[in-house]
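*Asks:* Could you look at this predicted model? Sequence included:
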Amino acid sequence: MTVDRTSKLVHARLYPKAQREQTAEFLEDVLQQLPYRVHTLLTNNGSQFVKRPGAESYKPHRFDVVCYRNDIEHRLTCPFHPWSNRQIELMNRPIKEATIRRFHYASLGELSAYLKDYLWAYNNAHPLRALKGNAHWIHSRTLAG
């Protein structure tokens, strides 16, 4: 999940397991959806975002490669301090309340479809001044793709 600090736009996708390749692909997808340039990213210290010490030291992490190609500064939160990425932590609660705590889903695909609908409604429920009200344009592209 990503939350833009300026517009409060939320973009999320479900995966069976958080892995490096999927995280980098998700970042590339988010960058294509946004109508403006991202200059800074804040992530936790999970292995999907950073290399573990001594692990393939000769090979750059794919997430960092995507950041480098797009001239994005990748910052990390302090370990064991989830409140330092407050917007993500605050967004987790309403998403869980609206999805997994409210309904039972027969498959990951069904949950994923509901999540897309929920995020479309959430992002369009309030005007996003930084996007000049264009969140519907972004999500219509996301839902089609």
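*Replies:* Perfect, thanks for sending it. Residues are numbered from 1 along each chain as shown.
*Asks:* ok, residue 9 touching residue 125?
*Replies:* No. Counting by C-beta atoms under 8 Å, residue 9 does not reach residue 125; the two are 11.9 Å apart. Yep, even glycine has a C-beta here, placed from its N, CA and C like the rest.
*Asks:* between the two, which one's more packed in?
*Replies:* More crowded of residue 9 and residue 125, by other C-beta atoms under 10 Å: residue 9, with 22 against 8.
*Asks:* The more buried one and residue 115: what is the separation?
*Replies:* Note on residue 9: its distance to residue 115, by C-beta to C-beta, to the nearest Å, is 15 Å.
*Asks:* Could you do residue 123 as well?
*Replies:* 12 Å.
*Asks:* same deal with residue 89?
*Replies:* For residue 89, the distance to residue 115 - C-beta to C-beta - is 18 Å.
*Asks:* swap in residue 66?
*Replies:* Distance, residue 66 to residue 115, by C-beta to C-beta: 23 Å.
*Asks:* again, but for residue 21
*Replies:* Where residue 115 is concerned, residue 21 sits at a distance of 21 Å (C-beta to C-beta).
*Asks:* Settle it for me: which of those two has more neighbours?
*Replies:* Comparing residue 21 with residue 115 by other C-beta under 10 Å, the one with more neighbours is residue 115, at 19 against 10.
*Asks:* next one: phi and psi at residue 10?
*Replies:* phi -110, psi 130 (degrees, to the nearest 10).
*Asks:* what's the neighbour count on residue 66?
*Replies:* Neighbours of residue 66 using other C-beta under 10 Å come to 19.
*Asks:* Which positions within the helix or strand encompassing residue 121 qualify as buried?
*Replies:* Secondary structure assigned from DSSP states H and E places residue 121 in helix 108-125. For helix 108-125, the neighbour count (16 or more other C-beta atoms under 10 Å) marks 111, 114, 115, 116, 118, 119, 120, 122, 123 as buried.
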